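Asker: need a structure here:
(one chain, ligands or ions: 2)
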Amino acid sequence: MQTVEAGRSLPRCELCGNECEKPLEVRREGVTHVYDCLECAVHSLAPVCGQCGCRIMRRPVEIEDRVFCSANCAAIYYDPGFHNDMHQLVMQ
Ligand SMILES: [Zn+2]
Ligand SMILES: [Zn+2]
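Answerer: Ligands and ions are numbered 1, 2, ... in the order given. Prediction:
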């Protein structure tokens with residue numbers, strides 16, 4: 001069992017600043033990001049739905065340069081009154 005020496009700085013989570021002995025490193029677009037846990041990594045890296053604002057953990061629905069958590073959100077965003085037809089279009 002190793003003890004942490006006084007004065008030695010541990011890596012810190014990029015998001016919350018928490019020190020961690022075993023950081024989670026995520027490499028994206030050539031840049032390495034360091035987090036203390038998966039939650040912080042997801043919160044920081046996952047795209048945000050253009051309609052409902054949630055973090056997208058699965059494969060996002062991409063339309064033009066926007067991302068949505070679901071076809072339903074994309075449909076509501078583009079035409080709230082045309083809900084069902086847009087849903088069909090996105091799902092193709
Ligand atoms: Zn963190
Ligand atoms: Zn959404």
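
Asker: show the low-confidence segments of this protein, by residue range.
Answerer: Counting by pLDDT under 70, the ranges of the chain that qualify are 1-7, 82-92.

Asker: again, only using 80
Answerer: 1-8, 80-92 (pLDDT under 80).

Asker: dead centre of this structure: give me the residue that sits there.
Answerer: Geometric centre of the chain, nearest residue: residue 46, 0.9 Å, by C-alpha atoms, centre = their mean.

Asker: okay but that residue is in contact with residue 55, surely?
Answerer: Yes: counting by C-beta atoms under 8 Å, residue 46 touches residue 55, with 4.2 Å between them. Any C-beta I mention is one placed from the backbone N, CA and C, and that applies to glycine too.

Asker: please, where are all the helices along the chain?
Answerer: Ranges of helices in the chain, per DSSP state H, are 38-45, 71-78, 83-91.

Asker: now do the contacts for the residue nearest to the centre of the chain.
Answerer: Taking C-beta atoms under 8 Å, 6 or more residues apart in numbering, we find residue 46 in contact with 55-57.

Asker: now with 10 Å?
Answerer: Residues near residue 46 by C-beta atoms under 10 Å, 6 or more residues apart in numbering: 54-58, 60, 67, 69.

Asker: neighbouring contacts of stretch 25-44?
Answerer: Here stretch 25-44 makes contact (C-beta under 10 Å, 6+ apart) with 10-24, 45, 55-57.

Asker: drop anything exposed from the residues you listed.
Answerer: Buried subset of these (neighbour count, 16 or more other C-beta atoms under 10 Å): 11, 13-15, 20, 23-24, 56.

Asker: those in strands, which ones?
Answerer: residue 24 (DSSP state E).

Asker: in a markdown table: the buried ones among the contacts of stretch 25-44, plus distance to ligand 1.
Answerer: Listed next are these as a markdown table, based on distance: C-beta to the ion, whole Å:
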| residue | distance to ligand 1 |
| --- | --- |
| 11 | 11 |
| 13 | 3 |
| 14 | 7 |
| 15 | 5 |
| 20 | 8 |
| 23 | 9 |
| 24 | 9 |
| 56 | 19 |
